[in-house]
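Visitor: starting from these lines, generate the structure:
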Amino acid sequence: MPDNISISLPGYVRYRGLGYFTFLMHRLAGLATIAFLTLHILTTATVFFAPEWYIFLVQVFRNPLFVLGEIIILFFVIFHGVNGLRIAYVDLFRPDLWKKAFTLKAMSLVFVVSFVLWLPVLGIMGYQLLRFGFGLFGGE
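Guide: Residues are numbered from 1 along each chain as shown. Take a look at the predicted model:
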């Protein structure tokens, strides 16, 4: 393992307070967003190159576990965007707000806004998951 990775990995694991949790969530949300977009682009590309694979992948993605994972990943995508806007605003317009007291308030606001924006996704996709994934509400 290269030295810079072996040095930085233990640094990520050590807990440094509530603000650090937001930092880690932002990093994980970015990775989840990249994974989601990569999978989406590769799947969509199979329509042109291998239509039979596209049909197979769509059937795989209809599995309730994939749908549940997609609902969770969409929370990460929304969180990453909202937190990114917070970081950009503070960096560009209000650098004086990089204080611990404001950061904790802003972090709470980011989680609340992300959750509120995610609720319609949870409602619509959760209903579809229960209906078509588990056969509830008159589903298949």
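Visitor: mind giving me the packing neighbours of the longest helix seen in the chain?
Guide: In the chain, with assignment by DSSP state H, the single longest helix is helix 18-49. Applying 3 or more CB pairs under 8 Å, 6 or more residues apart in numbering; DSSP states H and E, one finds that helix 18-49 contacts helix 51-61, helix 64-92, helix 100-128. From N, CA and C alone the C-beta is placed, and that goes for glycine too.
Visitor: could I get the buried residue list for that helix?
Guide: Across helix 18-49, burial judged by 16 or more other CB atoms under 10 Å covers Thr22, Met25, His26, Ala29, Gly30, Ala32, Thr33, Phe36, Thr46.
Visitor: and the first one, how far is that from Gly30?
Guide: For Thr22, the distance to Gly30 equals 13 Å [CB to CB, to the nearest Å].
Visitor: okay, and the common contacts of the two?
Guide: Counting by CB atoms under 8 Å, 6 or more residues apart in numbering, Thr22 and Gly30 have no common neighbour.
Visitor: just want the angle from the longest helix of the chain to helix 64-92.
Guide: Put simply, helix 18-49 runs at 120 degrees to helix 64-92, going by axes from the mean of the first three to the mean of the last three CA atoms, to 10 degrees.
Visitor: tell me the mean pLDDT for helix 18-49?
Guide: When pLDDT is averaged along helix 18-49, the result is 86.
Visitor: repeat for stretch 69-89
Guide: In this model, stretch 69-89 carries a mean pLDDT of 91.
Visitor: same question, stretch 112-121
Guide: Average pLDDT, stretch 112-121: 96.
Visitor: neighbouring contacts of that stretch?
Guide: Stretch 112-121 has contacts (CB under 8 Å, 6+ apart) with Ile71, Leu74, Phe75, Ile78, Phe79, Val82, Asn83.
Visitor: please point out which parts of that stretch sit buried.
Guide: Residues of stretch 112-121 classed as buried under the neighbour-count rule (16+ other CB under 10 Å) are Val113, Ser114, Trp118.
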